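In: structure for this input, please:
(one chain, ligands or ions: 1)
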Amino acid sequence: MYRLQQLLLSLLVITVIGASPGWARDTAIEEPLIIDFKERFLPVVARSGMVAGPEQLASEIGSRILQQGGNVVDAAVATGFALAVTYPRAGNLAGGGFMLIHLAEGNRQVFIDYRESAPAAASRDMFLGEDGKIDLMRMYFSLQSSGVPGTVAGMLYALETYGSMSREQVLAPAIALAEEGFPVSFALTYELANQGKRLRNNPESLRLFFKPDGNAYEIGEIWRQPDLAWTLRQISEQGVDAFYKGEIAKRIVAAMQAGDGLITLQDLADYRVIERPPLRGTFREFEVVSAPPPSSGGVHILQILNLLEGDDLAGMGHNTAAYLHLLAESMKLAYADRSEYLGDPDFAPVPVAELTDKAYAARQRKMIDPGKATPSTTIAPGSALLRESMDTTHYSIADNKGNMVSNTYTLNASFGSAIAVPGTGMLLNNEMGDFAAQPGKPNPFGLVQGESNRIEGGKRPLSSMSPTIVFRDGKPWLATGSPGGSRIITTVLQTLLNAMAFEMNIATAGISARIHHQWLPDEILAEDGISPDTVRLLEQMGHTVKLGGRTIGRTESIIWENGWLLGATDTRRPQGWVAGF
Ligand code: GLY
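Out: Below is the predicted model of the structure:
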């Protein structure tokens, strides 16, 4: 039976791929495709190129760029600009992010930091009200909530440094989508309905995201964005200066000056993309390459992998109480460190080497009792995490030469600050909310965070975004990443463990139920799919378990194996798409 299924799959694969002229050009298949049919979910299979992302039109644009002869960076930039049109909850021009690239030529990795930075006039206590408490509306939903955007600079830097196509070529599909419009999807109507109130509060957002009569677009109606098309055209024709010095910059600053915004023409002109060495670590035979500070992602993924490396995880069984206990205890230790030590490394040193050292993990591992939960308060008193937005987005791209891009970018909250810059069609980020607004004191959620992430002009707020690429036998193997604020780290971690330690295929690895523990609050968030028996056993060990639907991240991943590309979009949010050929 199993052999028959395998044969049928091979036939299916050859039929589907065989229809593509791209595959036909690539000639014969040298290696067999190995997929275990015993798994409940199967990846999408392609031969030559693949984009896994949160929205169909943008994934297809990236895949088309690859088919047209563009490289993975061309495809990543085209996808990033397209998502700014089709996926406005997180795709963006006025946000920021991180791009991790593996270049087959030279066998090297590049990490591009295009995180937003605080305007020069930003200050430590800017979000405190007269009562000394954090003013949440100002921090998250005002002009002051916006950091200096990095996306346009980051995308164009990647293109000019590592791409092969022209600006005009990679921006053309996004311009066409904005100008000619596209049918509104179920996912978009759902997302706009969710954030409608906030968007309607801003007159420009109301004009952009709703019909002239104020009603919401319905599924299948065509949505055109002429203002956004203008902005994209400016970028296409004039490059990075259009955004940071030219007409777009003037419109951003005019919007700031019409209210109490802080971003000036000088802030925009001063914005810089930073190439940083990516973080590297190992888990058994795998090499894991991920995001360095100002992301906390890579540090804590590597730290937790170090903590778990010596245990027989597969022997414990996937998502058993024994495994989840060990996972949760390791997460606690890492997130306690995160609250104390992580921030922008250009402002205060971050002890990356120490935190990702295997000897440090060995010492920390001794603190984990195999049968009993350690109360978070006894791990490190007095500090914790600010609540982070659950939004952000990720896409992964790979070709059959071993090139990969893993890109996570964000406006922070869904639709950012919900404030649009008049005449540009674009929403402003609210990334200033990722700073610690009141270091050392409880915030309105009862939490405290350290000085390392206090607000300072020019500084980048601490992030959890974790674009990651894993190498196996020295070859690029897996690209992944996720949205989800502080849950990004635990989402990417469990996806990696599912693939590396439990040998799941990439679809099952992404879809399987996850947990999240971030030290404080001292509770395990457990998704649907963690069995009630397991929850009971965890509670008997002393854990507080909160049941949390299916709300932990949303991965977009690709594995490159035996010359095949195997991709998966996570079904936790609607209408992600894997496009391949
Ligand atoms: N704004 C989410 C993050 O950077 O982690």
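
In: show me which residues of this protein sit near the ligand.
Out: Residues of the chain lying close to the ligand (CB under 6 Å from any ligand atom) are 388-389, 392, 410, 412, 434, 463-465, 485, 488. Just so you know, the C-beta spots here come from the backbone N, C-alpha and C atoms, and that holds for glycine as well.

In: including neighbour count, could those go into TSV?
Out: Below are the residues of the chain next to the ligand laid out as TSV (neighbours: other CB atoms under 10 Å):
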residue	neighbour count
E388	21
S389	22
T392	30
T410	31
N412	31
D434	26
S463	30
S464	30
M465	30
G485	24
I488	34
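
In: of those, which belong to helices?
Out: Counting by DSSP state H, the residues of the chain next to the ligand place I488 in helices.

In: distance check, the residue of the stretch 301-450 of the chain found nearest the ligand against T551.
Out: Nearest residue of the stretch 301-450 of the chain to the ligand (CB to the nearest ligand atom) works out as N412 at 4.2 Å. Here N412 is placed at a distance of 17 Å from T551 (CB to CB, to the nearest Å).

In: check M426 too.
Out: 28 Å.

In: of the two, who's got more company?
Out: M426 (30 against 16; other CB atoms under 10 Å).

In: where in the stretch 301-450 of the chain is pLDDT low?
Out: Applying pLDDT under 70 to the stretch 301-450 of the chain flags the ranges 380-389, 440-449.

In: all strands for it, in order.
Out: Here the stretch 301-450 of the chain has its strands, by DSSP state E, counting those that start in this stretch, at 393-399, 404-410, 420-421, 426-427.

In: if we ignore the residues flanking it in sequence, what's nearest the closest residue to the ligand within the chain?
Out: Residue nearest to the ligand within the chain (CB to the nearest ligand atom): S463, separated by 3.2 Å. Distance criterion CB to CB, 6 or more residues apart in numbering; nearest residue to S463, sequence neighbours excluded, is S295 at 4.5 Å.

In: do E556 as well
Out: Using CB to CB, 6+ apart, the nearest residue to E556 is A52, at 4.2 Å.

In: would you agree that neighbour is in contact with Y395?
Out: Yes: under the criterion of CB atoms under 8 Å, A52 makes contact with Y395 at 6.4 Å.

In: so what sits against both of these two?
Out: 59, 556 (CB atoms under 8 Å, 6 or more residues apart in numbering).

In: please state the offset of stretch 306-323 from the chain centre?
Out: 26 Å (CA atoms, centre = their mean, to the nearest Å).

In: measure it end to end?
Out: 15 Å (CA to CA, to the nearest Å).

In: residues making contact with that stretch?
Out: Here stretch 306-323 has contacts from 281, 283-284, 326-327, 330, 333-334, 356-358, 360-361, 364-365, 368, 370, 497-498, 501-504, 512-513, 529-531, 534, 537-538, 541, using CB under 8 Å, 6+ apart.

In: residues of that stretch that come out buried?
Out: Buried positions in stretch 306-323, judged by neighbour count with 16 or more other CB atoms under 10 Å: 306-309, 311, 313, 316, 318-323.

In: want to throw those residues into a markdown table with distance to P149?
Out: Listed next are the buried residues of stretch 306-323 as a markdown table, based on distance: CB to CB, whole Å:
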| residue | distance to P149 |
| --- | --- |
| N306 | 35 |
| L307 | 36 |
| L308 | 37 |
| E309 | 39 |
| D311 | 43 |
| L313 | 41 |
| M316 | 45 |
| H318 | 41 |
| N319 | 40 |
| T320 | 44 |
| A321 | 45 |
| A322 | 45 |
| Y323 | 41 |
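
In: from the residues you listed, which two are the most distant?
Out: N306 and A321 (22.5 Å; CB to CB).

In: let me see the ranges of the strands in the stretch 1-150 of the chain.
Out: Going by DSSP E, counting those that start in this stretch, the stretch 1-150 of the chain shows strands at 44-46, 49-53, 96-103, 108-114.

In: same question, the stretch 151-300 of the chain
Out: Under DSSP E, counting those that start in this stretch, the stretch 151-300 of the chain gives strands at 182-183, 222-223, 274-276, 279-283, 286-290.

In: right, so those strands: which one is the most enclosed?
Out: strand 286-290 (a mean of 23; mean count of other CB atoms under 10 Å).

In: output the contacting helices and strands for it.
Out: With contacts taken as 3 or more CB pairs under 8 Å, 6 or more residues apart in numbering; DSSP states H and E, strand 286-290 sits against strand 96-103, strand 279-283, helix 297-308, strand 468-472, helix 487-500.

In: if we use 10 Å, what do you get?
Out: For strand 286-290, the elements it packs on are strand 96-103, strand 108-114, strand 279-283, helix 297-308, strand 404-410, strand 468-472, strand 475-480, helix 487-500, judged by 3 or more CB pairs under 10 Å, 6 or more residues apart in numbering; DSSP states H and E.
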